[in-house]
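Student: Got a predicted structure plus its sequence, pasted below:
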Amino acid sequence: MSGAPILHFTPRAELEPQANLQAFIELCRKSEVLQARLQFDKHVWEAGYFKGQNKINRVIFSTLEAACLNKPEPSLPEPFLNFAKAVVVYLQDSRPVTSQATRIAALRCLEAALRQESKGSRPTAVDPVVLDTAVALAKQQMSPPVAYRIAGQLEYIAEFMASKLFISLRQRWTHGMKKPQEVGSRISKEALEDRREKLPSAATLRALAGIFHQAVETPDVMTSSMTALMLCAPERINEVLRLRRNCLVEGDGEFRGKLGLRWAGSKGFENTTKWLPSDMTDIAREAVENLIRVSSPANELATWYTANPTKLFLHEGAAHLRGHRVLSLSELALVLWGDESAKSSANAWANSHELEKQPLGGRRIGYLLEDVERAILSMLPATFPFMPGAPELRCMDAVAITRTNEMHAGRGTYLCMFSCVDNEAITSRFGTREGRGSIFETFGYTEGDGSPIEFNSHSLRHYLNTLAQMGGMSSAEVAIFSGRKDVKQNRHYDHMSSEEVQAPISQALKAGFTAELEPVDVKGRNLMMRSEFKGLGLTAAHTTEYGWCRHNFASEPCQMYRDCINCQEQECVKGESHKEANLRQLKSETEYLLKRAKEALSDDEYGADVWVKHQAATLERVNSMLSILENPEVPVGSRIRLDISNAPLIMADNVKSIRFIKNNKKQALP
């Protein structure tokens with residue numbers, strides 16, 4: 001919690017473990033972290049909202065057996081229960097996580113292990129045997145990847161408990177589980193199956209495109225337009241659900257002519273603007289326009305309630321009722337759904353909100369307008385005026401809002417209240433909920449063999465990441481493109497087949513990529529015997545754009561970062577025309593860059609002096625090398641190496657060394 005004091009528990013060596021444990025619990029009981037001060041004695045805690053979801057994130061302190069049955073009770077027994085609550089609070093303060101699921105699962109396994117080892121659910125009785133048993137229980141109850149994560153949490157909890165003197169361990173305990181083996185081959189059956197499951201089929205992509213252009217009704221437009229945006233950039237669905245109404249960015253400066261989207265970050269990645277591929281800009285514009293259009297009625301409601309949080313919104317057809325004291329059933333139906341004939345539904349709605357009936361004469365009844373107003377206002381999102389899981393985004397600024405029930409074709413749409421569209425409202429339309437038809441069935445799309453389309457929105461993220469890998473983007477670029485902090489996570493989204501991995505290599509070979517390494521015309525090339533090469537005192541060598549390098553990469557990486565012309569380990573061989581052409585190209589480029597750097601220096605741009613110095617030094621060395629290569633006294637086949645300090649040229653055997661004199665730009669033979 002922002003501004004809350006940091007928890008710090010220092011155990012007292014003179015106290016018994018139980019006394020230290022009790023002091024620890026009392027410290028955490030008073031904490032503001034996870035609102036522990038207000039709900040410590042409850043067995044189910046509320047911990048806010050997940051991003052892009054309307055349902056509350058709850059922390060349930062149930063036993064392992066109850067959790068396996070998906071039940072909230074029975075709760076963990078004492079004395080372990082309060083210990084588990086305190087651990088969750090303390091670790092959330094020191095090592096916060098978005099979801100407590102793995103941490104709670106580890107504590108459940110630990111408590112179950114204590115009971116299995118007849119330790120009476122006492123935290124101070126934890127020892128290596130109990131910890132090993134807890135890992136065994138995790139293996140029995142969970143999938144290998146989940147069990148591995150739980151074991152990691154158990155290891156951290158054990159280390160934490162020992163550091164706070166709750167338990168005594170002779171040596172640091174480790175869980176000993178091997179990380180579940182990932183699909184390591186691109187040609188195995190497992191890899192092909194993983195690719196099929198993670199990537200959308202061609203039929204799915206065609207269906208999504210077709211639905212995007214065919215959709216008319218609000219639920220279909222909202223779903224297909226959000227899906228279209230997930231095909232413009234590899235975003236998570238929670239990030240699409242947190243888009244702002246002003247999310248489009250027209251590029252300027254170096255991005256002139258480009259279209260960007262302002263994305264909300266997640267998993268530690270900051271909010272950012274991503275510039276879209278040119279081919280997708282029209283799709284992105286149309287998708288955003290669609291979302292703004294279908295959410296406009298809800299936006300009117302959100303704007304009204306933001307300005308008038310205690311007043312009922314009345315649409316144009318019901319505005320004349322504002323001064324009324326009592327509403328009849330037909331008038332109530334008009335306020336709610338704009339349909340005066342829905343009197344029975346209006347009466348059922350009033351009963352569900354426990355409104356007091358008002359006699360209107362005869363058998364007619366009505367309800368007080370102030371009671372109706374209070375009931376309708378209670379339907380506002382729990383986090384209003386902000387979106388659930390997005391405390392900085394106001395509902396009136398978001399695109400993921402609709403009038404209440406507007407995403408449900410079989411229910412009446414409220415004209416006086418709006419709701420926030422969440423993850424489930426979108427994903428359920430892909431057929432993820434059993435018994436509910438999918439949007440693909442609605443529009444008549446199937447797989448090529450006629451089977452129903454099975455689709456997971458996250459597969460589009462896998463798809464775009466794989467396309468980025470195939471297109472040659474670097475790992476850092478793919479991570480930034482995907483809103484990912486850890487570059488290592490890229491590998492989980494790379495589903496290129498072996499043929500796709502090899503395709504760029506095959507194309508490069510066909511295009512003559514090896515011409516640089518071994519020119520077709522080798523006439524006049526003098527080969528060197530391996531014994532002669534060894535006689536030069538070299539243990540490793542490789543070619544460069546301008547010659548060859550004697551640096552041994554086995555001992556250390558290149559310190560020049562392939563700035564070969566400024567490196568004294570490079571040698572050029574006179575007579576290699578393609579290498580000399582590269583040098584002349586480098587000269588031309590460096591002259592241009594030096595000119596630009598000097599212009600920047602005259603404009604007092606920061607750092608320009610460094611670039612002037614670097615480009616000037618590079619140009620001097622290029623000119624020095626070319627002057628020797630063009631010298632008729634230097635025979636073809638001579639090896640030339642520039643020294644860093646005074647630029648002498650070291651030649652092949654039987655050739656005199658040449659010194660370059662800086663002050664008059666002439667060569668001198670010693």
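Tutor: Happy to help now that I have it. Residues are numbered from 1 along each chain as shown.
Student: Next one: the closest residue to residue 574 other than its chain neighbours from residue 626, what distance?
Tutor: In space, and not counting its chain neighbours, residue 574 is closest to residue 638: 4.8 Å by CB to CB, 6 or more residues apart in numbering. C-beta coordinates here come from the backbone N, C-alpha and C atoms, glycine included. Taking CB to CB, to the nearest Å as the measure, residue 638 and residue 626 are separated by 14 Å.
Student: which of the two has more neighbours?
Tutor: Neighbours per residue (other CB atoms under 10 Å) separate residue 638 from residue 626, with residue 638 holding more: 22 against 16.
Student: OK, contacts around the nearest residue to residue 593 once chain neighbours are set aside?
Tutor: Counting by CB to CB, 6+ apart, the nearest residue to residue 593 once its immediate chain neighbours are dropped is residue 615, at 5.1 Å. Taking CB atoms under 8 Å, 6 or more residues apart in numbering as the contact definition, residue 615 lies against 590, 593, 594, 597.
Student: Now find how far off-centre the helix or strand harbouring residue 615 is within its chain.
Tutor: Per DSSP states H and E, residue 615 falls inside helix 608-629. If you compare the mean C-alpha spot of helix 608-629 with that of the full chain, they lie 43 Å apart, counting by CA atoms, centre = their mean, to the nearest Å.
Student: if we can go back for a sec, can you redo the contacts of residue 615 as a markdown table with pLDDT?
Tutor: Formatted as a markdown table, the entries for the contacts of residue 615 read as follows, by pLDDT from 0 to 100:
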| residue | pLDDT |
| --- | --- |
| 590 | 85 |
| 593 | 81 |
| 594 | 84 |
| 597 | 78 |
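Student: Narrow those to those in strands?
Tutor: Counted as lying in strands by DSSP state E, out of the contacts of residue 615, is not a single one.
Student: so which of those comes closest to residue 207?
Tutor: Distance to residue 207 across the contacts of residue 615 (CB to CB) is lowest for residue 593, with 50.3 Å.
Student: where do the strands sit along the stretch 201-350 of the chain?
Tutor: With DSSP state E, counting those that start in this stretch as the definition, the stretch 201-350 of the chain shows strands at residue ranges 248-250, 259-263, 272-275, 326-328.
Student: Can you check which helix is longest in the protein?
Tutor: Taking DSSP state H as the assignment, the helix of the chain that covers the most residues is helix 577-602.
Student: list the buried ones in that one?
Tutor: Of the residues in helix 577-602, those buried under the neighbour-count criterion (16 or more other CB atoms under 10 Å) are 579-580, 582-583, 586-587, 590, 593-594, 597-598, 600-601.
Student: Can you add distance to residue 357 and give those residues back as TSV?
Tutor: Putting the buried residues of helix 577-602 into TSV (distance: CB to CB, whole Å) gives the following:
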residue	distance to residue 357
579	96
580	98
582	91
583	95
586	90
587	93
590	89
593	84
594	88
597	84
598	87
600	80
601	84
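Student: Can you give me the buried ones in the helix holding residue 615?
Tutor: The neighbour-count check on helix 608-629 (16+ other CB under 10 Å) flags 608, 611-612, 614-615, 618-629 as buried.
Student: Now do that helix and helix 577-602, the angle between them.
Tutor: Counting by axes from the mean of the first three to the mean of the last three CA atoms, to 10 degrees, helix 608-629 points 150 degrees away from the direction of helix 577-602.
Student: what's downstream of helix 608-629, the next helix or strand?
Tutor: Going C-terminal from helix 608-629, and assigning secondary structure by DSSP H and E, you next hit strand 639-642.
Student: Kindly check the end-to-end length of stretch 114-129 for me.
Tutor: The first residue of stretch 114-129 is 9 Å away from its last residue (CA to CA, to the nearest Å).
Student: Next, the buried residues of it.
Tutor: Along stretch 114-129, these residues count as buried under the neighbour rule (16+ other CB under 10 Å): 114, 115, 117, 119, 121, 122, 123, 124, 126, 127.
Student: Regarding the closest residue to the first one other than its chain neighbours, what is its secondary structure?
Tutor: Pointing back at residue 114 there. Closest residue to residue 114 in three dimensions, ignoring its sequence neighbours and counting by CB to CB, 6+ apart: residue 121, at 5.2 Å. With DSSP: H, G, I helix; E, B strand; the rest coil as the basis, the three-state label of residue 121 is coil.
Student: can I assume residue 121 is in contact with residue 115?
Tutor: Yes. With contact defined as CB atoms under 8 Å, residue 121 and residue 115 form a contacting pair (6.0 Å).
Student: Are there residues contacting both of those two? Which ones?
Tutor: By the contact definition CB under 8 Å, 6+ apart, residue 121 and residue 115 are jointly contacted by no residue.
Student: Run through who's touching whichever strand or helix holds residue 67.
Tutor: When elements are defined using DSSP H and E, residue 67 is found to belong to helix 64-68. Helix 64-68 is contacted from outside by 60, 72, 73, 74, 75, 105, 108, 109, 111, 112, 137, 141, using CB under 8 Å, 6+ apart.
Student: ok, of these, which one's closest to residue 260?
Tutor: Of all these, residue 260 sits closest to residue 105, with 40.3 Å by CB to CB.
Student: Got the phi and psi for residue 438?
Tutor: With angles defined as degrees, to the nearest 10, residue 438 shows backbone torsions of phi -100, psi 170.
Student: Could you measure from it over to residue 453?
Tutor: 7 Å.
Student: Which neighbours do those two have in common?
Tutor: With contacts defined as CB under 8 Å, 6+ apart, the residues adjacent to both residue 438 and residue 453 are residue 431.
Student: Which positions in stretch 250-266 come out as buried?
Tutor: Buried residues in stretch 250-266, counted by 16+ other CB under 10 Å: 259, 260, 261, 263, 264, 266.
Student: Which strand or helix spans residue 24?
Tutor: With the criterion set as DSSP H and E, the secondary-structure element containing residue 24 is helix 17-29.
Student: hang on, isn't residue 126 packed against residue 111?
Tutor: No. Taking contacts as CB under 8 Å, residue 126 lies outside contact range of residue 111: 9.8 Å.
Student: Residues that sit against both of these two, list them.
Tutor: Common contacts of residue 126 and residue 111 (CB under 8 Å, 6+ apart): none found.
Student: returning to what we had before: before we move on, what's the pLDDT of the residue nearest to residue 593?
Tutor: According to the per-residue confidence, residue 615 scores 82 in pLDDT.
Student: how far out from the middle of the chain is stretch 118-126?
Tutor: For stretch 118-126, the distance to the chain centre is 40 Å (CA atoms, centre = their mean).
Student: same question, stretch 91-109
Tutor: Worked out by CA atoms, centre = their mean, stretch 91-109 lies 21 Å from the chain centre.
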